[in-house]
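> pasting the structure only:
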């Protein structure tokens, strides 16, 4: 069974623009299921070492010398 079934999927990229994992948000009613589910830890995906969407914002962060960090995918 697909571990991400019934979830809205978000690809997770590293700063080199490579997809290294996925995050999924539950969108169906499953009371015992976790609301958010990530890919398992692997040599290329470590949740504690990847900042979601940094690949898209790194240039603006460098130019402005400012970043606002929030939790979640949206």
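Thanks, I have the structure now. Small disclaimer: the values here were computed from a predicted structure and weren't measured.
> ranges for the helices of this protein?
In the chain, the segments counted as helices under DSSP state H are 54-64.
> and the least confident helix or strand in it by mean pLDDT, which strands flank it?
The helix or strand of the chain with the poorest confidence is strand 36-38; it has a mean of 93 (mean pLDDT, DSSP states H and E). Within its sheet, strand 36-38 is paired with strand 19-26 (antiparallel), according to DSSP bridges.
> and the contacts of the partner strand?
4, 6-14, 33-39, 42, 44-45, 47, 50, 52, 73 (C-beta atoms under 8 Å, 6 or more residues apart in numbering). (Each C-beta comes from the backbone N, C-alpha and C, glycine too.)
> residues in contact with residue 37?
So residue 37 contacts 3, 4, 7, 23, 24, 26 (C-beta under 8 Å, 6+ apart).
> nearest spatial neighbour of residue 39, skipping sequence neighbours?
Leaving aside its chain neighbours, residue 39 sits nearest to residue 21 (3.5 Å; criterion: C-beta to C-beta, 6 or more residues apart in numbering).
> what about the one you found, how many residues close to it?
Residue 21: 19 surrounding residues under other C-beta atoms under 10 Å.
> ok, now residue 19?
12.
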